[in-house]
Each structure stands twice: as C-alpha cells, then as structure tokens.
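*Asks:* My questions concern the predicted model and sequence given below.
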Amino acid sequence: MLPLLAALAVTGCDRSQQGGSDTVELAISCGAVGQEFELCRQGVARWSAATGYPVSVVSTPNSTTERLALYQQLLAARAADIDVLQVDVIWPGILARHLLDLGPYTEGAEDAHFPAIVQNNTVGGRLVALPWFTDAGVLYYRRDLLEKHAEHVPATWVGLTETAGRIQTAERADGNDRLWGFVWQGRAYEGLTCDALEWVASHGGGTIVDGAGRVTINNPAAAAALTQAASWVGTISPPGVLNNGEEEARGIFQSGHAVFMRNWPYAWALAQNADSPIKGLVGVAALPAGPNGQSSATLGGWQLAVSRYSEHPELAADLVVFLTGSDEQKRRAISGAYNPTIASLYGDADVLAANPFFATLYDTFVNATPRPSSVTGERYNEVSKEFWSAAFAVLAGKRSAEESLATLDQRLERLTDAQQ
C-alpha cells in the first residue's frame, strides 16, 4: 500500500465517512494519442478502487502546442479544475512555478526512474513531475515489402531515400498506386521540431541552441539536413505530409500505404492489433544516420505533475506516485508499448515479449537527443515555434534552407538575448 493510502486507512479521512456533504473528487488530464486515454482511464480506475476516491479523466488536445496553451490558460487563472497534469518532457521549465513540489510526497519513488529524466523534471531544486513514460523517435518499416524487393533496412537517410523510392516505384508499377515510401510529422507544430531536430543532429548540425545557451542552428550541416527532407515532399512522401501529425502518419502507415514511418513507440501496439491490416508485417529500427554515421532520436515522453492550485494536493500526489509506479508502467508497456522510465522493466520478460524492440533499441531510448528546453526555460515554446516555422518554410518550398536558417538565427538571438 502506498504511504498515503496507509494513512487514509488509519485516519479514515474520506470525507464521506466523516459525515460531510462534499465528496472529494480529483481530475486528471490525459492525452488521446493512440491508446493513451483508455490506458490512463484504466490506471485511474485502479487507484480509485483502492482508495474510494473518484477521479474524472479529462481529454486534452492531441497537439502538444494546443495542450500547452490550454494548461497555461488554466494555470495563469489559478484554476483548480485539473489536479493532475500530463506534461511533456519539455514543459517542466515552462510550467514549474505553477506545479507542486512532489519531493515531500514521494518517499523516494523517483529513485527508481532514469536519473536523467528525474533531473529534467527537477527545477530549482523542486521535483515538479514524475516520469510516466519515455519516448524516442524510431523507424517503422514493412518487413514484407523489404523482403519482397530484396531490400535491407536503411542505415542512412540517403539509403532510406533510395530504398523508399525503389520500392514505391516498383509497387506502383504493380498497381499499388496508393503506396508512399515514407511518412512522418510535417505539420507546423512541436512534432516537426522533433523530426527536424533528428535530421539536423544526425547530420552534425547541433541541437538548435547548445548547452551554454548559444544559438548554433545556422550552419551548413543543418541546411543540408533540411534540404534533404524537403526533397522527400511529393516524391517519397505525400504532399499532405505537411499536414501530418503522429496519428495522421500512423493512419497512412497502418492502412498499408507506406513503406517507412517515423513515429514514437506507441504505434507498435496499434500496428499489432487484431484488426490492423499490417499485423505481423512491421519491424522497428533506429532512425537512419547522417553522412558521418551519426543517428539521432529526439527525446520525448510524458510526466505527471500536480497543479499548485489543486485543492487536494496530497491525494493528487498519491495518484501520481501510483500511476508512475512499476506495476502501472509494466501494464502500459505491455498493453500500449509505452516505454517505461524504470530501468528494471527493460529486463522484464513480459514487457520484452510484447515489445521485442525495447531490448535492441534500449540505447536509443536512454541516449536520445533532448530538445533545448532546459537551457531556454520559459522561452522554449517560442524557440521551438521559430524552429518549426523555419523548417516548415523549407519543406513547403517557400525558402531555401540557408535563407530560412539565417533568419531563424537572427530571431533566436533576439529571444535568447531577451532571456538574459
């Protein structure tokens, strides 16, 4: 039993048992990408059954940009509508002043999680969130199509471009005219920051802003990466890729209309569903490398935090500790392919049976490339928006990579100067 649950059992502090007219009820926000919402609802139901406290599960926008804007509105108003917030790995620095310090409530539960993520979630000495699942971009591929055309999983972006093109051309000649070579996240939002950072970092173009806060994005390697990605649009990637988020890309791939897909690990479990047209035909690999043999996967993942304006901080913190614990993380890994943040689960036989690639891509997950959210703090959202806007301009053919990055450099310099 969790510490707070034990205390409740002893003190009987359920308000309904004290004759009060009010019933304590918490609210938690959960995402709805893939199976997120349903798995969250199930976990919450388990906690409610153990404690007797009801919890309403609030669905929030799939777009991380829209979800952050919603949170910022609620927190700026000091609204108590949502007690527990599902927060992106890049948000602790942005939202920290509105989040409860969980340290006094966890009794060391954070020690079981990857230290780097705990450090990411610690702002000014305050543990403002607990890791729920981690993420890194991966490459999905159609094993059957690669075997049919005697191709191998590409190790480089150039190899992916060529392999995707050959299979797409051959399949279309055979009448499969809806097949595309490669789908990814091209819409102008945070997902494009993730994809574009992978291209740039794998080409040796840096991470937009370095650890010292210096803007480093305006360089030939970054320009080459974006130029290469722009060449995919309308050739091996559909023109509509510029409107794609995670779920749109998954929809194309899972319906059997793409050879390769860049996405997060959650798509694996959905591709293996009984009703999936590509069940049993999918493989997962590390993302391709750039010209120097460097592969890069953007660090993703989500945390659970408690609003400082919650009227029931102890209960909310207890819910967070429960949902981020080993049992829940194991259940979510098996049912939904959500990567645990607890290292021991990567050696769990049941987890590996459900997600064989967890073992082979372990290094990818623990060594993923972080976005510059820590160094840019509350300015990160502005930095990211400038970056994805610049990348989108190149992909859409509105500007050359060199021109777009030069303008981006100027804009980011102004932003970082304003931060100092």
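*Replies:* All right, it came through fine.
*Asks:* Strands of the stretch 1-150 of the chain, start to end?
*Replies:* Here the stretch 1-150 of the chain has its strands, by DSSP state E, counting those that start in this stretch, at 26-30, 55-59, 84-88, 122-123, 126-127, 130-136, 138-142.
*Asks:* how near is residue 169 to residue 257?
*Replies:* Here residue 169 is placed at a distance of 15 Å from residue 257 (C-beta to C-beta, to the nearest Å). Every C-beta, even on glycine, is put in place using the N, C-alpha and C of the backbone.
*Asks:* residues contacting the nearest residue to residue 215 once chain neighbours are set aside?
*Replies:* The shortest distance from residue 215 to any non-neighbouring residue, by C-beta to C-beta, 6 or more residues apart in numbering, is to residue 412 (4.5 Å). Residue 412 makes contacts with 208, 209, 215, 217, 383, 386, 387, as judged by C-beta atoms under 8 Å, 6 or more residues apart in numbering.
*Asks:* can I assume the fifth one sits in a helix?
*Replies:* Yes - counting by DSSP: H, G, I helix; E, B strand; the rest coil, residue 383 is part of a helix.
*Asks:* That one and residue 198, how far apart?
*Replies:* Here the criterion is C-beta to C-beta. By it, residue 383 lies 17 Å from residue 198.
*Asks:* What lies in contact with stretch 113-131?
*Replies:* 87, 89, 92-93, 95-96, 99-103, 106, 109-110, 134, 301, 303-305, 320-321, 324, 341-343, 366, 370, 374.
*Asks:* Could I have the buried ones of these as PyMOL selection syntax?
*Replies:* Selection of the buried residues among these in PyMOL, burial being defined by 16 or more other C-beta atoms under 10 Å:
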select buried, resi 87+89+92+93+95+96+99+100+101+102+106+109+110+134+301+303+304+305+320+321+324+341+342+366+370
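*Asks:* residues in contact with residue 243?
*Replies:* Per C-beta under 8 Å, 6+ apart, neighbours of residue 243: 186, 187.
*Asks:* let's see 7 Å
*Replies:* residue 187 (C-beta atoms under 7 Å, 6 or more residues apart in numbering).
*Asks:* same check, this time on residue 179
*Replies:* Residue 179 sits next to 168, 171, 172, 257, 258, 259 when contact means C-beta under 7 Å, 6+ apart.
*Asks:* rerun at 10 Å
*Replies:* When contacts are counted by C-beta atoms under 10 Å, 6 or more residues apart in numbering, residue 179 is found next to 142, 145, 164, 167-172, 252, 256-259.
*Asks:* Could you pick out the buried ones from those residues?
*Replies:* Using 16+ other C-beta under 10 Å, the buried ones in the contacts of residue 179 are 142, 145, 164, 167, 168, 171, 252, 256, 257, 258, 259.
*Asks:* residues touching residue 136, list them.
*Replies:* Residues near residue 136 by C-beta under 10 Å, 6+ apart: 194, 198, 264-265, 286-287, 296-301, 339, 361, 363-369.
*Asks:* same thing but 8 Å
*Replies:* 264, 265, 297, 298, 299, 300, 339, 361, 364, 365, 368.
*Asks:* swap in residue 204?
*Replies:* The neighbourhood of residue 204, defined by C-beta under 8 Å, 6+ apart, consists of 221, 290, 291, 292, 294.
*Asks:* if we go to 6 Å?
*Replies:* Residue 204 makes contacts with 221, 292, as judged by C-beta atoms under 6 Å, 6 or more residues apart in numbering.
*Asks:* And the one 3 residues further on, by the same measure?
*Replies:* With C-beta under 6 Å, 6+ apart as the criterion, the residues that contact residue 207 are 201, 372.
*Asks:* So what's the gap between stretch 184-192 and the chain middle?
*Replies:* Centre-to-centre, stretch 184-192 and its host chain are 12 Å apart (C-alpha atoms, centre = their mean, to the nearest Å).
*Asks:* contacting residues around that stretch?
*Replies:* 63-65, 195, 241-245, 249, 262, 388, 391-392, 395.
*Asks:* From the residues you listed, list just the buried residues.
*Replies:* Buried by 16+ other C-beta under 10 Å: 63-65, 195, 241-242, 244-245, 249, 262, 388, 391-392, 395, out of the contacts of stretch 184-192.
*Asks:* leaving aside the residues next to it on the chain, what's closest to residue 218?
*Replies:* Using C-beta to C-beta, 6+ apart and skipping residues adjacent in sequence, the residue nearest residue 218 is residue 409, 3.7 Å away.
*Asks:* Residue 252 versus residue 261, what's the distance?
*Replies:* If you measure residue 261 against residue 252 using C-beta to C-beta, the figure is 8 Å.
*Asks:* Common neighbours of those two, please.
*Replies:* residue 183.
*Asks:* before we move on, back to that, present the buried ones among the contacts of stretch 184-192 as JSON lines; the columns should include pLDDT.
*Replies:* Below are those laid out as JSON lines (pLDDT from 0 to 100):
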{"residue": "63", "pLDDT": "83"}
{"residue": "64", "pLDDT": "84"}
{"residue": "65", "pLDDT": "84"}
{"residue": "195", "pLDDT": "98"}
{"residue": "241", "pLDDT": "98"}
{"residue": "242", "pLDDT": "98"}
{"residue": "244", "pLDDT": "97"}
{"residue": "245", "pLDDT": "95"}
{"residue": "249", "pLDDT": "98"}
{"residue": "262", "pLDDT": "98"}
{"residue": "388", "pLDDT": "98"}
{"residue": "391", "pLDDT": "98"}
{"residue": "392", "pLDDT": "98"}
{"residue": "395", "pLDDT": "98"}
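*Asks:* quick check, nearest of these to residue 311?
*Replies:* Of all the buried ones among the contacts of stretch 184-192, residue 311 sits closest to residue 64, with 27.0 Å by C-beta to C-beta.
*Asks:* distance of the residue lying closest to that closest one once chain neighbours are set aside from residue 389?
*Replies:* Residue nearest to residue 64 in three dimensions, not counting chain neighbours: residue 190, with 4.3 Å by C-beta to C-beta, 6+ apart. Using C-beta to C-beta, we find residue 190 at a distance of 12 Å from residue 389.
*Asks:* if you count what's nearby, which of the two comes out ahead?
*Replies:* More crowded of residue 190 and residue 389, by other C-beta atoms under 10 Å: residue 190, with 24 against 16.
*Asks:* Just give me how far the lengthiest helix in the chain sits from the chain centre.
*Replies:* Counting residues, the longest helix found in the chain (DSSP state H) is helix 401-419. Averaging C-alpha positions (C-alpha atoms, centre = their mean) puts helix 401-419 25 Å from its chain's average.
*Asks:* Next, format the contacts of residue 412 as JSON lines and append neighbour count, distance to residue 37 and secondary structure.
*Replies:* Shown next, in JSON lines, are the contacts of residue 412 (neighbours: other C-beta atoms under 10 Å; distance: C-beta to C-beta, whole Å; DSSP: H, G, I helix; E, B strand; the rest coil):
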{"residue": "208", "neighbour count": "25", "distance to residue 37": "31", "secondary structure": "coil"}
{"residue": "209", "neighbour count": "23", "distance to residue 37": "33", "secondary structure": "strand"}
{"residue": "215", "neighbour count": "21", "distance to residue 37": "38", "secondary structure": "strand"}
{"residue": "217", "neighbour count": "28", "distance to residue 37": "35", "secondary structure": "coil"}
{"residue": "383", "neighbour count": "26", "distance to residue 37": "29", "secondary structure": "helix"}
{"residue": "386", "neighbour count": "21", "distance to residue 37": "31", "secondary structure": "helix"}
{"residue": "387", "neighbour count": "25", "distance to residue 37": "29", "secondary structure": "helix"}
